[in-house]
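[1] take a look and give me a structure for this.
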Amino acid sequence: MELENIVANTVYLKAREGGADSNKGKSKKWKKILQFPHISQCLDLKNKIDLRYSYVVDQQPIGRLLFRQFCQEANPEYHRYNVFLDSIEHYEVESDENREELAQTVYDRYLKRDA
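    Numbering: from 1, shown residues only. Sure, this is the predicted structure:
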């Protein structure tokens, strides 16, 4: 299942890429690969899809990128959430000596009431 997700995400990204080749994405091969099934075939998937943040953003290879893109395009003030997530990610990989100081910085900047 994970391999299928990776392949599907790769095809999706390749199709979205622009580039010098103006015919990219217009060939019959690409149209067949990117063709969506009829809605009647997808209705049962609605109840099967896991829509939790941890699954969509953390476990799906393309989820984080799409979430960041959504935050930037939907409302520019959502960009603050991307910066917050970057700070948390930086905190998680920081050495133990610097973690306390970085945690205080994250708290002061994003979590304090007057922030």
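[2] for Phe67, grab the count of nearby residues.
    The number of residues packed near Phe67 is 19, by other C-beta atoms under 10 Å. (C-beta placed from N, C-alpha, C; glycine too.)
[3] swap in Thr10?
    When counting by other C-beta under 10 Å, one arrives at 12 neighbours for Thr10.
[4] now it: which helix or strand?
    helix 2-16 (DSSP states H and E).
[5] check what pLDDT the closest residue to Asn9 other than its chain neighbours gets.
    Residue nearest to Asn9 in three dimensions, not counting chain neighbours: Ile62, with 4.3 Å by C-beta to C-beta, 6 or more residues apart in numbering. Here, the pLDDT recorded for Ile62 equals 89.
[6] show me the protein divided up by domain.
    1-49, 50-115 (automatic domain parsing).
[7] now the residue nearest to Asn9: phi and psi?
    Backbone torsions of Ile62, given as degrees, to the nearest 10, read phi -100, psi -10.
[8] any idea how far it is from Val56?
    Distance of Ile62 to Val56, given as C-beta to C-beta, to the nearest Å: 10 Å.
[9] one more: Val7?
    18 Å.
[10] Asn47 too?
    Asn47 is 16 Å from Val56, where distance means C-beta to C-beta.
[11] if we can go back for a sec, need the winner for burial among the domains of the chain.
    domain 50-115 (a mean of 12; mean count of other C-beta atoms under 10 Å).
[12] roughly how far out does it sit from the chain middle?
    In this view, domain 50-115 has its centroid 12 Å away from the chain centroid, taken as C-alpha atoms, centre = their mean, to the nearest Å.
[13] shaky segments in the protein?
    Applying pLDDT under 70 to the chain flags residues 1, 17-26, 115.
[14] ranges for the helices of it?
    Remark: helices assigned in the chain by DSSP state H are 2-16, 28-33, 39-42, 53, 63-74, 79-93, 96-106.
[15] how near is Asn5 to Lys46?
    Between Asn5 and Lys46 the computed distance is 18 Å (C-beta to C-beta).
[16] still on that earlier bit, next, the angle helix 63-74 makes with the helix holding Thr10.
    40 degrees (axes from the mean of the first three to the mean of the last three C-alpha atoms, to 10 degrees).
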